[in-house]
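>>> sequence below, structure please.
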Amino acid sequence: MAVETISPNAPHPGGVAERYALALLGLADDARQADPGALDRIAADVEGLFGLYRDDAGFRAFLADPRRGAAEQKKAIFAIVQSAGIGDEVRKLLGVMIANRRLNQFPAMAAAFGTKLAERRGQQVANVTTAFPLTDIQRTQLVARLTEGGISGVKLAETVDKSILGGLIVRIGSRLYDNSLKSKLQRLQYAMKGAA
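Okay, here's the model as predicted:
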């Protein structure tokens, strides 16, 4: 079973990012008429570029820096996209995001795109919050546990939040599984207050 992830550190999608994600899905649908594998190719491009964002602190800082001009952003991003072999559709979307001064929305757009694609494919999205990024082994184990619990075809949407201290929080639809260290400490605090 292949483990699919939307990506660690991705903010929860919504608003502007979701509109960009829907626009990219529209481009993918248009491209599928000439290229039946376009949707999978575009999804791989988004995930590949997000992998670079996730793993490269310099790239994350570049995307988040509002002081950079559009020409500088476009030159740098297009060089990265070309060297990574990213397709034309994602390159065009990034160009529009740069022109609209929304390049910092790329992480949220990638998360929204992954969520919309998972919905389209009939997969369930598990929003996982951890204090530290998950390893590939931890992702595989988490998907296996969810499958054992009757949740199959799951796609992980990962978020890192150091305030939970440890453990993890998993949200699937309206179900919430909170096994974070922060929650355990809060429950212990309430229990100690009740005993006093």
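>>> in the protein, which spans are strands?
All strands of the chain, identified by DSSP state E, fall at 4-5, 124-130, 154-160, 168-172, 175-178.
>>> now mean neighbour count and mean pLDDT too, for those strands, in JSON lines please.
For glycine as for every other residue, the C-beta is placed from the backbone atoms N, C-alpha and C. Supplementary listing: these in JSON lines, determined by neighbours: other Cβ atoms under 10 Å; pLDDT from 0 to 100:
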{"stretch": "strand 4-5", "mean neighbour count": "21", "mean pLDDT": "44"}
{"stretch": "strand 124-130", "mean neighbour count": "20", "mean pLDDT": "88"}
{"stretch": "strand 154-160", "mean neighbour count": "21", "mean pLDDT": "83"}
{"stretch": "strand 168-172", "mean neighbour count": "18", "mean pLDDT": "92"}
{"stretch": "strand 175-178", "mean neighbour count": "13", "mean pLDDT": "92"}
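>>> those strands: which one's closest to residue 78?
Between residue 78 and these, the shortest gap by Cβ to Cβ is with strand 4-5, which sits at 26.0 Å.
>>> which one of the strands of the chain lies closest to residue 20?
The nearest among these, by Cβ to Cβ, is strand 154-160 at 16.6 Å.
>>> and the closest one with strand 168-172, angle?
With axes from the mean of the first three to the mean of the last three Cα atoms, to 10 degrees as the basis, strand 154-160 and strand 168-172 are set at 140 degrees to each other.
>>> include distance to residue 189 when you put the strands of the chain into TSV, please.
Listed next are the strands of the chain as TSV, based on distance: least, Cβ to Cβ, whole Å:
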stretch	distance to residue 189
strand 4-5	33
strand 124-130	20
strand 154-160	24
strand 168-172	18
strand 175-178	15
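>>> so which of those is nearest residue 106?
strand 154-160 (15.4 Å).
>>> great, nothing more from me.
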